[in-house]
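Chemist: Below are the sequence and a predicted model; questions follow.
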Amino acid sequence: MQEGKVISVNISPGKGEKKTPLCGSVEIIVGHGLKDDGHSGNWHRQVSLLAIESIEKMRKAGLSVGCGDFAENITTSGIDLVGLKPGQLIKIGATIVLKVTQIGKVCHDRCAIYYQTGDCIMPKEGIFAEVISGGEAKAGDRIQTIG
């Protein structure tokens, strides 16, 4: 079991664009994703996660980037996201359970994020999940792998 924390929870009105970090909490809805997020819906990529450690690599490469800049819903710390396997469960806070559905993704075209940041790490280091159990999520919540 790995354990870490949520650094930021981020939403945006559309897909493939930078997300805005929230100051408060957001509802994560079973079978849907984050309330009011353009990426949510009834599909296998309801929630996207990216490690702050991945963002730090981009900062060291000279980019001025932060939480939400790679369109991730949840920025994490302390969990080796890329090392997880599809089907593995992640628990956030007391009630939220996510099931990993995809590690990385194929980007057929350069997205808006690539043009804004000069690179995109989501295809290599981001993960996607479905919501099994919902609840409220916020920065500072405990995040852990199950099993």
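Modeler: Yep, that arrived.

Chemist: C-alpha only now, for contacts and for neighbours.
Modeler: Noted.

Chemist: any idea how far residue 47 is from residue 139?
Modeler: 15 Å (CA to CA, to the nearest Å).

Chemist: out of the two, which sits in the busier spot?
Modeler: Applying other CA atoms under 10 Å to residue 47 and residue 139 shows that residue 47 carries more neighbours, namely 26 against 20.

Chemist: ok, and for the helix ranked longest in the chain, which residues are buried?
Modeler: Counting by DSSP state H, the longest helix found in the chain is helix 52-60. If you call a residue buried by 16 or more other CA atoms under 10 Å, then helix 52-60 has these buried ones: 52, 54, 55, 58.

Chemist: Confirm for me that the second one is in contact with residue 127.
Modeler: No. No contact is recorded between residue 54 and residue 127 when judged using CA atoms under 8 Å, the distance being 11.9 Å.

Chemist: ok so, going back, closest one of the buried residues of helix 52-60 to residue 132?
Modeler: When the buried residues of helix 52-60 are ranked by distance to residue 132 (CA to CA), residue 52 comes first, at 23.9 Å.

Chemist: Let me see the confidence value for that closest one.
Modeler: Looking at residue 52, its pLDDT reads 97.

Chemist: and if you look at residue 142?
Modeler: 98.

Chemist: just residue 58 next, same as before
Modeler: pLDDT, residue 58: 83.

Chemist: who touches it in this structure?
Modeler: Applying CA atoms under 8 Å, 6 or more residues apart in numbering to residue 58 gives the contacts residue 65.
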